[in-house]
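J.: could you work out the structure for the sequence below:
(2 chains)
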Amino acid sequence: MKLRDTLLALVIGLGLWQALVVATGAPHFILPSPWRVAQAAYKSRVIIAENAWITAIEVMLGLLIGTVLGVATAIQLAISKTAERLMLPILVFTQAVPVFALAPLLTLWFGYGMGSKIVMAVLIIYFPVTSAFHDGLTRIDAGYRDLSVSMRAGTWHFMRHIQIPQALPSLGTGLRLAAVYAPIGAVIGEWVGASRGLGYLMLLANGRAKIDLMFASLIVLACLTVILHVSVGILANRLTWYAQGRSRP
Amino acid sequence: MTKAPGIMLKGQHRIGDRVLFDTDLQIPAAQWTCLLGRSGVGKSTILRLILDLETGGTFKGSIAATDGMPLAGRISYMAQSDLLLPWLSVLDNVCIGARLRGTAPNIGRARDLLHRVGLSDHAGQKPASLSGGMRQRAALARSLFEDRPIVFLDEPFSALDAGTRADMQELAAEVLRGRTVLLITHDPAEAARLADQITVMSAQGTQNWPPPATAALREINAAETLACQARLLAHLRGMAA
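T.: Okay, the predicted model is just below:
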């Protein structure tokens, strides 16, 4: 059973954590025990939930906008050879700039609110989504192309009825990556400058030596990312099954 | 469907500096022409040239229909791979041509064609749930949906088992009657059964080979069919040697 394995892994992880606390004898403001973290999480549940909600919205909006932009770019690049020649090198070059280094600039431009975090998440997932989907759109079975030429297909109709459906599994691959990257983008944005969100809460807790609260926030962030990863994974699988004409694996 | 024209192809095809073939091929109107020859001799290239598809070489010469009208848009094409779209139902695959041209498909006609190739009960299924023979029948229905006077078949039956292949040959002969058909095949038995004209291709060009005196579609075990098949096979083996 998959669920049983997951629970078992969780118990082992908590056991190792507790063992580490006991073995090192580290004080609770350096390494709090799982039980202490659980207590802190319960005590601060409202503030954690409020901040987690903010981060979740940033991540979701970033994911949504980044995916829409990435999909639109990939389609444009696949339709127009000129766009592909001009844009692809620029896209690759922009990947040489670490997005983290842009965070202070984005905060300056888009403010301390959610805007700069959403832009951060968008920037970080835009390339993987574009690149994976573009790859799928252009790696098309030559036979389909021949058939479409003999059927006198229009460029856009070929794109809509053959290229896009065939590339959906590749889009799924891009989305899986995006689901992991998007929270990183949002949290980095929160670290650089924010008044709300899990990243902000972690910094705040750290500054006040509330390491148990920091751990609690970190775990909630990890849970958010896992939920997102699993949900996007389910969606990605559905895209693949659709493209293969199956309803189940 | 408009009246089926014949096709004339005369010229030389080069890949880089190498001459792939230099030929004068006549494909008669409303008949089955079977094109045989070793792999790599350029059979598919001829088909691609007439279809105006990418060939990776340059052709110098002329390609024309015997009625003087342009060939573009008058040819439908069926390959060895069925090229069915896995995410569409069989019915939607049959009318994909209309969708690719941005026009509303005539679903009723698509259903009639599926009935004609014996797939009525599978119209709503996805290609993945069909056998190889059924998939090729769906591809044949898709070709028929295009309703073009000329049909090119590039080894469409070669991956099928012997029984299914014989069934498909009979079905294709029946439903494509009256059209100009160019069938590329490696199988002398297929040519001996189906062909009105047998054309053998080699580096020297194309050469017509006498088909059996009886009319196509011929019985597999008819004496003329078997004799033609044997002579053709011997000829092809002689060319390879």
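J.: and residue 191, how many neighbours?
T.: Just so you know, I chose chain A. Around residue A:191 there are 15 other residues, counting by other CB atoms under 10 Å in any protein chain shown. For every residue, glycine as well, the C-beta is placed using N, CA and C.
J.: wrong chain, I was asking about chain B
T.: 29.
J.: tell me which helix or strand it sits in.
T.: Taking DSSP states H and E as the definition, residue B:191 sits inside helix B:188-194.
J.: for burial, what's the neighbour tally of residue 233?
T.: You didn't pick a chain, so chain A it is. Residue A:233 has 14 nearby residues by other CB under 10 Å.
J.: I was thinking of chain B, sorry if that wasn't clear
T.: 16.
J.: give the contact list for it.
T.: residue B:188 (CB atoms under 8 Å, 6 or more residues apart in numbering or on different chains).
J.: so for the host helix or strand of it, mean pLDDT?
T.: Using DSSP H and E, residue B:233 falls within helix B:223-240. The pLDDT scores in helix B:223-240 average 90.
J.: can you give me the offset of it from its chain's centre?
T.: A distance of 21 Å separates the centroid of the chain from that of helix B:223-240, by CA atoms, centre = their mean, to the nearest Å.
J.: again with stretch A:86-103
T.: Its chain's average C-alpha position is 18 Å from that of stretch A:86-103, according to CA atoms, centre = their mean.
J.: circling back to that earlier point, for the helix holding residue B:233, list every residue counted as buried.
T.: B:225, B:226, B:228, B:229, B:232, B:233, B:235, B:236, B:239 (16 or more other CB atoms under 10 Å in any protein chain shown).
J.: next one: stretch A:217-236
T.: So, applying 16+ other CB under 10 Å, buried residues of stretch A:217-236: A:217, A:218, A:220, A:221, A:224, A:225, A:228, A:232, A:236.
J.: ok, for the fifth one, nearest residue in space, not its chain neighbours?
T.: When you say that, I think you mean residue A:224. residue A:56 (5.9 Å; CB to CB, 6 or more residues apart in numbering or on different chains).
J.: one step back: residues in contact with the helix holding residue B:191: which ones?
T.: B:32, B:34, B:36, B:157, B:165, B:169, B:172-173, B:183, B:185, B:198, B:211-212, B:216-218, B:220, B:225-226, B:228-230, B:232-233, B:236.
J.: tell me the average confidence for the following helix or strand past it?
T.: With elements assigned by DSSP H and E, the helix or strand that comes after helix B:188-194 is strand B:197-202. Strand B:197-202 shows a mean pLDDT of 94.
J.: same deal with stretch B:96-104?
T.: Rounded mean pLDDT across stretch B:96-104 is 95.
J.: span of it from start to end?
T.: Terminal residues of stretch B:96-104 are spaced 10 Å apart (CA to CA, to the nearest Å).
J.: again with stretch B:23-37
T.: 14 Å.
J.: and what of stretch B:48-62?
T.: The first-to-last residue distance of stretch B:48-62 comes to 14 Å (CA to CA).
J.: check stretch A:34-52 too.
T.: From start residue to end residue, stretch A:34-52 stretches across 20 Å - CA to CA.
J.: which positions in it come out as buried?
T.: A:34, A:36, A:37, A:38, A:40, A:41, A:44, A:48, A:51, A:52.
J.: report the two of those residues separated the most.
T.: The distance between the two most remote of those (CB to CB) is 21.1 Å, for A:34 and A:51.
J.: and the contacts of stretch A:76-92?
T.: A:73, A:127, A:130, A:131, A:134, A:137, A:138, A:155, A:156, A:159, A:163.
J.: quick one, which of these are buried?
T.: A:73, A:127, A:130, A:131, A:134, A:137, A:159, A:163.
J.: up against chain A, what does chain B have?
T.: By CB under 8 Å from any CB of the partner chain, the residues of chain B that approach chain A are B:48, B:51-53, B:72-73, B:75-77, B:79, B:81, B:83, B:85-88, B:96-97, B:99-102, B:126-128, B:146.
J.: list only those of those flagged as buried.
T.: B:48, B:51, B:53, B:75-77, B:79, B:81, B:83, B:85, B:87-88, B:96-97, B:99-101, B:126-127, B:146.
J.: narrow those residues to those in helices?
T.: B:48, B:51, B:96, B:97, B:99, B:100, B:146 (DSSP state H).
J.: which pair of the residues you listed spans the longest distance?
T.: Maximum distance among these (CB to CB): 24.0 Å, for B:48 and B:99.
J.: can you list contacts of the helix or strand where residue B:152 lies?
T.: Counting by DSSP H and E, the element that carries residue B:152 is strand B:150-154. The contact list for strand B:150-154, computed with CB under 8 Å, 6+ apart, reads B:4-5, B:7, B:44, B:47, B:50-51, B:71, B:74-80, B:143, B:172, B:176, B:179-184.
J.: out of those, which sit inside strands?
T.: B:7, B:75, B:76, B:77, B:78, B:180, B:181, B:182, B:183, B:184 (DSSP state E).
J.: any idea how far chain A is from the most centrally placed residue in chain B?
T.: For chain B, the residue nearest the mean C-alpha position is residue B:153 (1.6 Å; CA atoms, centre = their mean). With distances taken as CB to the nearest CB, to the nearest Å, residue B:153 is found 12 Å from chain A.
J.: quick check: the gap between that residue and residue B:239.
T.: 22 Å (CB to CB, to the nearest Å).
J.: with residue A:92 instead?
T.: According to CB to CB, residue A:92 and residue B:239 sit 51 Å apart.
J.: and if you look at residue A:240?
T.: Going from residue A:240 to residue B:239 by CB to CB gives 46 Å.
J.: mean confidence for the helix or strand harbouring residue A:68?
T.: Using DSSP H and E, residue A:68 falls within helix A:45-79. Averaged across helix A:45-79, the pLDDT comes to 96.
J.: give the next helix or strand downstream of that helix.
T.: helix A:81-94.
J.: ok, then the element right after that following helix?
T.: Next element after helix A:81-94 (DSSP H and E): helix A:99-110.
J.: for that following helix, packing partners?
T.: For helix A:99-110, the packing partners by 3 or more CB pairs under 8 Å, 6 or more residues apart in numbering or on different chains; DSSP states H and E come out as helix A:114-138, helix A:164-192.
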